[in-house]
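1. 3D model of this:
(4 chains)
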Number of protein chains: 2
Amino acid sequence: MDRGSWNGDSMTADARPAAPALTERQEARRRRILHASAQLASRGGFEAVQMREVAEAAGVALGTLYRYFPSKIHLLVATMQDQLQHLHTTLRKRPPAGEDAAQRVAETLMRAFRALQREPHLADAMVRALTFADRGVSPEVDTVSRLTTAIILDAMGLEHPTPEQLSAVRVIEHTWHSALITWLSGRASIAQVKIDIETVCRLIDLTAEPGTGTAREQDRG
Amino acid sequence: MDRGSWNGDSMTADARPAAPALTERQEARRRRILHASAQLASRGGFEAVQMREVAEAAGVALGTLYRYFPSKIHLLVATMQDQLQHLHTTLRKRPPAGEDAAQRVAETLMRAFRALQREPHLADAMVRALTFADRGVSPEVDTVSRLTTAIILDAMGLEHPTPEQLSAVRVIEHTWHSALITWLSGRASIAQVKIDIETVCRLIDLTAEPGTGTAREQDRG
DNA sequence: GCCAAGTCTGAAACTTGTTCTAGATTAGCG
DNA sequence: CGCTAATCTAGAACAAGTTTCAGACTTGGC
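-> You can find the predicted model right below:
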């Protein structure tokens, strides 16, 4: 079967491994779809990603597109997963160089932000989809959230964050998403987003408990 | 757009020169529309607010509805303006009683949160509209944002916030919106939202500079 | 090679936000 | 009152997301 719909095996939240062995051609289709989605999004943002056009550009029938991604929101959230994965890989290769955790997180997010600035329409499509998603897309949105959390924790250099630190990370994520929205809708400047990110990152200092080790972890590069 | 009279020192005064002096019946129509919108939203959230149904419930033609509110998003954002205004009035009558600014802000937001919990579907419609709004709705969304800022600054008890404090307030707003979203989409519990709010409010302590006059002790009851 | 089950296609249909049009109603004005 | 411009109404029409279905194609097992 496909990624979009799980067969209703209770409610055991096993959102990930629903990847049941796609055929070569199916994997290729899925990739074509995601590529077409990103391409159209890059051109004209959320509204430019029209399901009929995605299907045509990917060379699949509309029904097939819906079999792979049960809604436009699912499709765009999956697109975001894809992009985030890229980012995560890149970041692991070149970790941020700041001196303390707050600086590294801010630098990481600003780097992500700069990447988004290069494709503002794509950013628009992905972020709008993410915040507009309703309960039906929760597992997928959660995956994106976990990815983002992982990226931030990486930047902090933490293996075993305290609950307090996790709260700070969640607040940072909130700020990140919402600040992006205000930027995308033209209500905040790039400089303002930068300030907001730096401001919220100061929370990290608050939760950095001396003695717990704000430490360099084992090599991750 | 009769919004006439919230006071406060909004330096950028009326961002809406389209003050059209509505007649009695037009004002009544506008009221009926907003009421119908809130009612439908309370029943079934964002998707339950269908323009045809709003029009019918309000007793106006579809074209008229679109004359008053040029899109569903505009309509729901206006609905949110309405509700926020209520909240602001209520809060001014019964200001929060916490000892320091952070506590008062957290209490204020939790009060707002509890109000939203009483009408989760309405909250869903309004918040989703707010974060989904694109550039075309920016002025209206900005009005909501200014209202929210005013509420938070009220809770802090500040007349002349520093830029740093304004940054903190913006981050608090980001967190507030995004935390609501995660709650509405079932990805965070009420308790979690509470924690996030309390966490982000600690930023206020960080920006409270002892010596700049933190308004700590002007008695506010 | 052949069948059964599952998948993909093409096209039409349905839903809901949005736009358009022609005619009725209302507001403002002399 | 009677005129004119603006507004309102009913309803069709259009756009894009989503669903559905019959028939063609693949896949996996024999």
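2. going forward, measure contacts and count neighbours with C-alpha atoms only.
-> Noted.
3. tell me where chain A has helices.
-> Here chain A has its helices, by DSSP state H, at A:24-44, A:51-58, A:62-68, A:72-93, A:101-118, A:120-132, A:138-156, A:163-184, A:190-207.
4. who are the packing partners of the fifth one?
-> It stands for helix A:101-118. helix A:120-132, helix A:138-156, helix A:190-207 (3 or more CA pairs under 8 Å, 6 or more residues apart in numbering or on different chains; DSSP states H and E).
5. can you get me a residue count around the closest residue to residue A:52 other than its chain neighbours?
-> Leaving aside its sequence neighbours, residue A:52 sits nearest to residue A:62 (CA to CA, 6 or more residues apart in numbering or on different chains; 6.2 Å). Neighbour count of residue A:62, defined by other CA atoms under 10 Å in any protein chain shown: 15.
6. show me the contacts for residue A:62.
-> A:51, A:52, A:55, A:56 (CA atoms under 8 Å, 6 or more residues apart in numbering or on different chains).
7. and which of these is nearest to chain B?
-> Nearest to chain B among the contacts of residue A:62 is residue A:51, at 18.8 Å by CA to the nearest CA.
8. gap between the residue lying closest to residue A:46 once chain neighbours are set aside and residue B:185?
-> With sequence-adjacent residues excluded and distances taken as CA to CA, 6+ apart, residue A:46 is closest to residue A:125, at 3.8 Å. According to CA to CA, to the nearest Å, residue A:125 stands 19 Å off from residue B:185.
9. give me the more crowded residue out of those two.
-> residue A:125 (27 against 21).
10. so that one makes contact with residue A:40?
-> No: applying CA atoms under 8 Å as the test, residue A:125 and residue A:40 come out as separate, 9.5 Å apart.
11. got any residues that touch both of those two?
-> With CA under 8 Å, 6+ apart, residue A:125 and residue A:40 have common neighbours residue A:49.
12. out of the helices and strands packed on helix A:101-118, which comes closest to residue B:85?
-> Nearest to residue B:85, of all the helices and strands packed on helix A:101-118, is helix A:120-132, at 24.3 Å by CA to CA.
13. and the contacts of that closest one?
-> Helix A:120-132 has contacts (CA under 8 Å, 6+ apart) with A:38, A:41-47, A:49, A:73, A:76-77, A:79-80, A:116-117, A:141, A:177, A:180-181, A:184, B:128, B:131-132, B:181.
14. and DNA strand D, which of those residues contact it?
-> Contacts with DNA strand D within the contacts of helix A:120-132, counted by CA under 7 Å from any atom of the strand: A:47, A:49, A:73.
15. for chain B, state which of those is nearest.
-> Nearest member of these to chain B, counting by CA to the nearest CA, is residue A:47, at 10.5 Å.
16. what number of residues lie near that closest one?
-> Number of residues near residue A:47 (other CA under 10 Å) recorded here: 11.
17. coming back round to it: can I get the helices of chain A in CSV including distance to residue B:156 and mean pLDDT?
-> Formatted as CSV, the helices of chain A follow (distance: least, CA to CA, whole Å; pLDDT from 0 to 100):
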stretch, distance to residue B:156, mean pLDDT
helix A:24-44, 41, 95
helix A:51-58, 47, 98
helix A:62-68, 49, 97
helix A:72-93, 37, 94
helix A:101-118, 26, 95
helix A:120-132, 28, 97
helix A:138-156, 30, 96
helix A:163-184, 20, 97
helix A:190-207, 18, 94
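18. of all those helices, which one is nearest residue B:21?
-> Among the helices of chain A, helix A:163-184 sits nearest to residue B:21 (CA to CA), with 30.8 Å.
19. next, the buried residues of that closest one.
-> Within helix A:163-184, the residues that count as buried by 16 or more other CA atoms under 10 Å in any protein chain shown are A:164-184.
20. ok, residues contacting it?
-> Counting by CA under 8 Å, 6+ apart, A:109, A:120, A:123-124, A:127-128, A:148-149, A:152-153, A:188-190, A:193, A:196-197, A:200-201, A:203-204, A:207-208, B:131, B:134-135, B:171, B:174-175, B:177-179, B:195-196, B:199-200 sit against helix A:163-184.
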